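> this is a predicted model, with the sequence first.
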Amino acid sequence: MIGNVGAGSAREHKIITTHSPEETMELASDLAKKLNAGDLIALIGNLGAGKTMFVKGLAKGLGVKDHSYVNSPSFVILKEYEGKRNLYHFDVYRLEAESFCDTLDYRKYFYGDGVTVVEWADKIKDILPEEYLEIKIEHAGDTERRIEINPVGNKFQETVI
């Protein structure tokens, strides 16, 4: 794993390399334990990059009982999971920002009582809250993933792991 990048800058971020799907899940599980109600994770990455595996790890860390059954809500847009802290999992791959806004009252999730994660968040960047944690996931080999964690706003500066 790689440590802090950009030390001394106004916006700290980290780049971490995981070497297996299980390690990606554990990274996300550890991160989830630092999140609070109303926090939003913006996931960005190509198809097959590991976004859904990351969400499974978040679910595990949030105490979702059946976290291994978490899957991408590609065709239903949103899945809700009950845990110690609820998890709201959006997948906006098939939507544009305007149709997303028209589809449901996203604000009740973005600013609600659980943790919200949005796959393909770059498609709706203009409607994301002022502060969120952006996570970019890229292939770095067969099972390796390069995960860049960027806090947007001041709220998540301490959350960067």
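In hand now; what should we look at?

> strands of the chain, residue ranges please.
4-5, 13-18, 40-44, 78-81, 87-91, 115-119, 132-139, 145-152 (DSSP state E).

> out of those, deepest packed?
Most buried of the strands of the chain by mean neighbour count (mean count of other CB atoms under 10 Å) is strand 115-119; its value is a mean of 27. Every C-beta, even on glycine, is put in place using the N, C-alpha and C of the backbone.

> list the contacts of that one.
32, 35-37, 39-43, 51-52, 55, 58, 62, 72, 85-93, 109-110, 124, 128 (CB atoms under 8 Å, 6 or more residues apart in numbering).

> what's the angle between that strand and strand 132-139?
Here strand 115-119 runs at an angle of 40 degrees relative to strand 132-139 (axes from the mean of the first three to the mean of the last three CA atoms, to 10 degrees).

> helices of this protein, start to end?
For the chain, applying DSSP state H gives helices covering 21-32, 51-61, 97-103, 107-110.

> which one of the ones you listed has the lowest average pLDDT?
Of all the helices of the chain, mean pLDDT reaches its minimum on helix 97-103 (a mean of 59).

> quick one: residues contacting the residue most central in space within the chain.
Closest residue to the average C-alpha location of the chain: I41 at 3.7 Å, with CA atoms, centre = their mean. By CB under 8 Å, 6+ apart, the contact list for I41 reads 35, 58, 115-118, 132-133, 135.

> could those be laid out in a markdown table, adding distance to L47?
Compiled in a markdown table, the contacts of I41 are given as follows (distance: CB to CB, whole Å):
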| residue | distance to L47 |
| --- | --- |
| L35 | 26 |
| L58 | 19 |
| V115 | 24 |
| T116 | 21 |
| V117 | 17 |
| V118 | 16 |
| Y132 | 22 |
| L133 | 22 |
| I135 | 16 |
